[in-house]
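> Okay, sequence plus prediction incoming.
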Amino acid sequence: MSDDTLLDRALTRLDEAASHLKIDADVIEKLKYPRETTKMRLMIRMDDGSRKSFLAWRCRYDDTRGPTKGGIRFHPDSSIEEVETLAFWMTFKCAVMNLPYGGGKGAVRVDPRTLSKSELERLSRAYMQAFARVVGPDRDIPAPDVYTNAMIMGWMADEYSQIVGQLSPAVITGKPIALGGSLGRNDATARGGYYLVRHLATELGLGAGMRIAIQGFGNAGQYYAQLAGADGHKVVAVSDSAGAIHRADGLDVTRLIAGKAAGRQVSELAAELGAEVIGAEALIGVDCDLLVPAALEDMITVDNAPSIKAKVLLELANGPVTPDADKLLEARGVTVLPDILANAGGVTVSYFEWVQNRQGFYWDVEEIHARLLRIMEREGRAVWDIAKDRNTTMRTAAYVHALSRLATAIEAHGTQPFFTS
Ligand code: GLU
């Protein structure tokens, strides 16, 4: 891989999309840099009485289309560069879905698995204490991401409400239902991807009983396995951070999820599921129809992309395929359903949660699913049509779709031709 940073590489997709549109240079200038990134050091008291500090960030990349929106991740490898790139992706993701949001992201550099539950609560509350001035229901609205969940969002919402002196659930989404969360938020990322694949199945050449390999078995991976499995598709391989397993006849998804819930790794479940343990890299090359990267960024590179046998990739993770690998997959005729569309179900139901918090009236789960389905199919179809019309990949089409919305909003403030004519 080159010395380019993650953000440099992400920006190549902006350039590529811009080459398909007549966009004013002002627009690109505005979208090339993160608008505001705050770095803080969080200090918490550990259970043994010692004090420990953790680096934390919140980036508001661009807020032209609305308050910035995006998750907070707790991960030992988090960095400012990763946060800014993820916030860039959120900017485009919200625009693809036509949500009235800009893009943001946050992170704490920590391995949450090394913390006790009370340390985790103190860290979550410390994050909100540090960033209360940055976030807000009309400014920047966090949500869950890698290794953060509803309970953490609940602590943060509570902390923010204490700081501002009034109940303020709309400051954060992905909360527990009892604290103003939305029905249907838990499985929304996977469900959005599932609706998208179902809607475009014929065009993608996918049919009944397709074989699926899932890289990463967290929230998105598990729910996707469940939804696709219930439709009669076969999950033939899954991996988590500790290893991967494969069973050509399909894995028992219910037992797999129960095993994970009991705190076991997928490789520890291989024997009882009649599966073989394979290497994490081998999962990418498993014989299947649909490969679902649902872990972290930069997982599919020029080194392992040639081994892919799937016809279609569904990016439930953010940024799992490097731009170089993208080119290789395009040349090989593999269709990539890009992250900013494929995993946008999560932020879409976050938007529904924020709307419900503000209107004080809560929808039933059927309403949430119907609304998610409508948006997913509408924007998925629009991206598909752009890809066909312009003969581009789905990724470029999604960026073109998002960029034209962002450009319209940026240009509405006036650009160079307006001020100099
Ligand atoms: N972290 C999720 C994402 O990357 C969800 C963001 C949100 O709900 O605001 O899309």
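That came through fine. Numbers count the residues shown, from 1 in each chain.
> Which residues of the stretch 101-250 of the chain lie near the ligand?
By the rule C-beta under 6 Å from any ligand atom, the part of the stretch 101-250 of the chain lying against the ligand is 143, 145, 173. Quick note: C-beta positions are derived from backbone N, CA and C, even for glycine.
> Leaving out the residues flanking it, which one is nearest to the second one?
The one in question is Asp145. What sits nearest to Asp145 in space, not counting adjacent residues and going by C-beta to C-beta, 6 or more residues apart in numbering, is Gly71, at 2.9 Å.
> Quick one: residues contacting that neighbour.
Gly71 makes contact with 86, 105-106, 142-146, 148, 174, 346, according to C-beta atoms under 8 Å, 6 or more residues apart in numbering.
> about what we covered before: need the worst-confidence member of the residues of the stretch 101-250 of the chain next to the ligand.
The weakest per-residue confidence within these falls on Asp145 (95).
> so how many other residues sit close to it?
23 (other C-beta atoms under 10 Å).
> Could I get the phi/psi values of it?
According to degrees, to the nearest 10, the main-chain angles of Asp145 amount to phi -150, psi -150.
> Begin at 820 from now on, thanks
Got it, the first residue is 820 from now on, which makes the last one we talked about Asp964.
> out of the contacts of Gly890, which are inside strands?
Among the contacts of Gly890, the members falling in strands (DSSP state E) are 924-925.
> Most neighbours among the contacts of Gly890, which one is it?
Lys924 (33 neighbours).
> That residue contacts Lys912, doesn't it?
No: with contact defined as C-beta atoms under 8 Å, Lys924 does not reach Lys912; the gap is 10.7 Å.
> What segments of the protein are strands?
Going by DSSP E, the chain shows strands at 855-864, 870-881, 887-888, 891-894, 921-928, 959-960, 1030-1034, 1053-1059, 1062-1065, 1095-1097, 1109-1112, 1131-1133, 1154-1156.
> which intervals of the chain have sub-threshold pLDDT?
Counting by pLDDT under 70, the chain shows low-confidence ranges at 820-821.
> thinking Cys913 is in contact with Ser1169, fair?
No: using C-beta under 8 Å, Cys913 is not in contact with Ser1169; the gap is 9.8 Å.
> Report the contact partners of Thr992.
If you count contacts by C-beta under 8 Å, 6+ apart, then Thr992 has 960-962, 972, 1000-1001, 1004, 1169-1170, 1172-1173 around it.
> Quick check: chain neighbours aside, which residue is closest to it?
Per C-beta to C-beta, 6+ apart, closest to Thr992 is Ser1169, 3.7 Å.
> I figured that neighbour hits Val990, correct?
No: judged on C-beta under 8 Å, Ser1169 makes no contact with Val990 at a distance of 12.0 Å.
> Overlap in contacts, those two.
What both Ser1169 and Val990 touch, as defined by C-beta under 8 Å, 6+ apart, is the set Ile960.
> The two - which one has more neighbours?
Legend: neighbour count by other C-beta under 10 Å for Ser1169 and Val990, higher for Ser1169 (30 against 26).
> What separation do you get for the more buried one and the ligand?
Distance of Ser1169 to the ligand, given as C-beta to the nearest ligand atom, to the nearest Å: 3 Å.
> cool, Asp1183 as well?
According to C-beta to the nearest ligand atom, Asp1183 stands 20 Å off from the ligand.
> and the residue nearest to Leu998 when sequence neighbours are not counted, what is it in contact with?
Spatial nearest neighbour of Leu998, excluding adjacent residues (C-beta to C-beta, 6+ apart): Gly973 at 4.8 Å. By C-beta under 8 Å, 6+ apart, Gly973 lies in contact with 994-995, 998, 1000.
> In the chain, which helix is the longest?
helix 1184-1209 (DSSP state H).
> just how off-centre is it within its chain?
17 Å (C-alpha atoms, centre = their mean, to the nearest Å).
> and what of stretch 1038-1052?
17 Å.
> How about Asp1108: what's its closest non-neighbour residue?
In space, Asp1108 is closest to Met1029, 4.1 Å off (C-beta to C-beta, 6+ apart).
> wait, Glu1172
Take Glu1172 and drop its neighbours on the chain: the residue closest to it by C-beta to C-beta, 6+ apart is Ser1001, 3.7 Å away.
> What count of nearby residues applies to that neighbour?
Residues near Ser1001, counting by other C-beta under 10 Å: 24.
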